[in-house]
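> when you get a sec, could you give me coordinates for this:
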Amino acid sequence: MEKRDFDIGEQKIKITSSIGVASYPVDAKKLNELIARADEMLYKAKESGRNRVCLPEVVETDKPSS
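Okay, the predicted model is just below:
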């Protein structure tokens, strides 16, 4: 998105997009917790240089049995 100029009247502008993603039930069990987690990832995306998507890190809790 950032690579493209958008014509607004006589002006050309660049638009960036920062997105925070969280999924139910992996990242949160309740709606307010899910929104808070996605919001946390949004701010992480903005702090990381903007124009990116951030997801929570996957932490594997179950190990496969041998």
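> hey, what's the residue nearest the centre of the chain bridged with?
Nearest to the mean C-alpha position of the chain, by C-alpha atoms, centre = their mean, lies Gly20 at 2.0 Å. Beta-bridge pairing for Gly20 (DSSP bridges): Cys54.
> wait, it touches Ala45, no?
Yes. If you go by C-beta atoms under 8 Å, Gly20 and Ala45 touch, sitting 5.8 Å apart. Where you see a C-beta, it was placed from the backbone N, CA and C, and this is true even at glycine.
> which residues of this protein score low on pLDDT?
1-2, 59-66 (pLDDT under 70).
> just give me the neighbour total for Ala38.
19 (other C-beta atoms under 10 Å).
> one more: the one 3 residues further on?
Using other C-beta under 10 Å, Met41 has 20 neighbouring residues.
> go on, Asp39?
Residues near Asp39, counting by other C-beta under 10 Å, number 12.
> still on that earlier bit, give the residues shared as contacts by Gly20 and Ala45.
Jointly contacting Gly20 and Ala45 under the rule C-beta atoms under 8 Å, 6 or more residues apart in numbering are Val53, Cys54.
> show me what contacts Pro56?
Contacts of Pro56 by C-beta under 8 Å, 6+ apart are Val21, Ala22, Val26, Asp27, Arg37, Met41.
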